[in-house]
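Undergrad: Pasting the sequence and the predicted coordinates here, then a few questions.
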Amino acid sequence: MIRTLDHPGPPTAERITALPCAATQLDLPLPAGVPLPDALARAAEAAGISAAWLELTDATMARLDHLRPGPDPSRQHAAWYDGPHAAPGASLIRLGLHLGRRNGAPWLHGHGIWAGPRGIGGGHVVPDGVVLAEPATARGWALDGARLEVAPDPETRFDLFQPVPTEAADAADAVLVTLRPNQDLTEALEAAAAAHGIDAGTLHGLGSLVAPRFLQGAEDSFATEILITEGWIEDGRAYLNAAVVGFGGRVSVAPLARGGCGVCVTCEVLIRRAGRAAT
């Protein structure tokens, strides 16, 4: 059974938003010394894309500002952030991010884990506060037919990425999904995949969960940030491994328990149909 949170606004009727799209494998070279949104915007423009799921691994950071989950001192939201915190010189283990749009300009939402002077850290990266110390390559999937755009969400009182349609793709082989709070992550992704005829594929994304249960153990923070480190669908059932960041920056990397991981604020996931090479 999932744990849930009471959000301040009225629940939206549509709990799963899923739009078909085409996902094309992509490498984006990124320069050092430039805030990540600017670096990504330039690289995306050069590649002729406006939306993507991307991952950075094994990169040295000149600057890495981040937020961790925490309670909202104003009590205006069910969950909030602790920070920002800085991890200069950290060695990025893995950063996953969605590239989309905010107010018509490129924007990103990224979660990651890294090694720094205080050990393993993780959380939600502050986009303008992420700068590479050395050039690196972001690898992932360019999207056609749908992209994420920031819009106000009355239910949670956050501005959140939501899928919007773009020019129709020639051959949709993926689904771009966002999930509303208080539904199990695994079961909701299975439902989204089934609705689009996908019974085998891969899952790429991030989000937040309420005190998620693992196959062994659990995280008791009522709000956590997660990055899917490995996810797949086989015979219609979804399986997820994730890096989970709880209060105080506590990091766990573990398989998530089906039926025990309620969405906290949002989850944003790309479902790719099986049959093409994975990153």
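TA: Perfect, I can see it now. Numbers count the residues shown, from 1 in each chain.
Undergrad: what ranges do the helices span in the protein?
TA: Applying DSSP state H to the chain gives helices spanning 36-47, 185-195.
Undergrad: ok, and which of those helices has the densest surroundings?
TA: Counting by mean count of other C-beta atoms under 10 Å, helix 185-195 has the highest mean neighbour count of the helices of the chain, with a mean of 20. No exception for glycine: its C-beta is placed from N, CA and C like everyone else's.
Undergrad: For residue 170, find the nearest of the helices of the chain.
TA: helix 36-47 (17.8 Å; C-beta to C-beta).
Undergrad: packing partners for that closest one?
TA: For helix 36-47, the packing partners by 3 or more C-beta pairs under 8 Å, 6 or more residues apart in numbering; DSSP states H and E come out as strand 16-30, strand 105-116, strand 119-132, strand 136-144.
Undergrad: tell me which residues of the last one are tucked away?
TA: What it means is strand 136-144. 136, 138-144 (16 or more other C-beta atoms under 10 Å).
Undergrad: Out of the helices of the chain, the one nearest residue 117 is which?
TA: Here helix 36-47 is closest among those (C-beta to C-beta), at 21.4 Å.
Undergrad: Quick check: bridge partners of the nearest residue to residue 85 once chain neighbours are set aside?
TA: Ranked by C-beta to C-beta, 6 or more residues apart in numbering and with sequence neighbours excluded, the top spatial neighbour of residue 85 is residue 66, at 5.7 Å. Note on residue 66: beta-bridge partners residue 85, residue 125, judged by DSSP bridges.
Undergrad: what's around residue 66, how many residues?
TA: Residue 66: 27 surrounding residues under other C-beta atoms under 10 Å.
Undergrad: again, but for the one 10 residues further on
TA: The local packing of residue 76 (other C-beta under 10 Å) involves 9 other residues.
Undergrad: Kindly report the same for residue 89.
TA: Residue 89, neighbours per other C-beta under 10 Å, totals 13.
Undergrad: So what touches stretch 151-166?
TA: 7-12, 17-19, 50-51, 76-78, 98, 100, 102, 109, 144-150, 176-178, 180-181, 265-266, 268 (C-beta atoms under 8 Å, 6 or more residues apart in numbering).
Undergrad: Show me the strands in the stretch 151-279 of the chain, by range?
TA: Assigned by DSSP state E, counting those that start in this stretch, the strands in the stretch 151-279 of the chain fall at 158-165, 174-179, 200-210, 224-234, 237-245, 251-255, 262-273.
Undergrad: relative to helix 185-195, how tilted is the longest one?
TA: Using axes from the mean of the first three to the mean of the last three C-alpha atoms, to 10 degrees, the inter-axis angle of strand 262-273 relative to helix 185-195 is 40 degrees.
Undergrad: what do you get for the shortest one?
TA: What separates the directions of strand 251-255 and helix 185-195 is an angle of 50 degrees, with the same axes, to 10 degrees.
Undergrad: Enumerate residues external to strand 251-255 that contact any of its residues.
TA: Contacts of strand 251-255 (C-beta under 8 Å, 6+ apart): 113, 120-122, 214-217, 219, 229, 239-246.
Undergrad: Then the second one?
TA: Contact with strand 174-179 is made by 15-23, 51, 141, 143, 146-148, 160-163, 185, 188-189, 192-193, 196, 198, 201, 205, 207, 263, 266-273, as judged by C-beta under 8 Å, 6+ apart.
Undergrad: Produce a ChimeraX select command limited to the buried residues of the contacts of stretch 151-166.
TA: Filtering the contacts of stretch 151-166 down to the buried ones (16+ other C-beta under 10 Å) takes a single ChimeraX command:
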select :7,17,18,19,50,51,77,78,98,100,102,109,144,145,146,147,148,149,150,176,177,178,180,181,265,266,268
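Undergrad: For residue 53, give its distance to residue 147.
TA: 11 Å (C-beta to C-beta, to the nearest Å).
Undergrad: and what of residue 115?
TA: Applying C-beta to C-beta to residue 115 and residue 147 gives a distance of 32 Å.
Undergrad: Show me the domain layout of the protein.
TA: 16-22+171-273, 23-141 (automatic domain parsing).
Undergrad: Buried deepest among the ones you listed, which one?
TA: domain 16-22+171-273 (a mean of 21).
Undergrad: Can you get me the start-to-end distance on that one?
TA: Domain 16-22+171-273 has an end-to-end distance of 18 Å (C-alpha to C-alpha, to the nearest Å).
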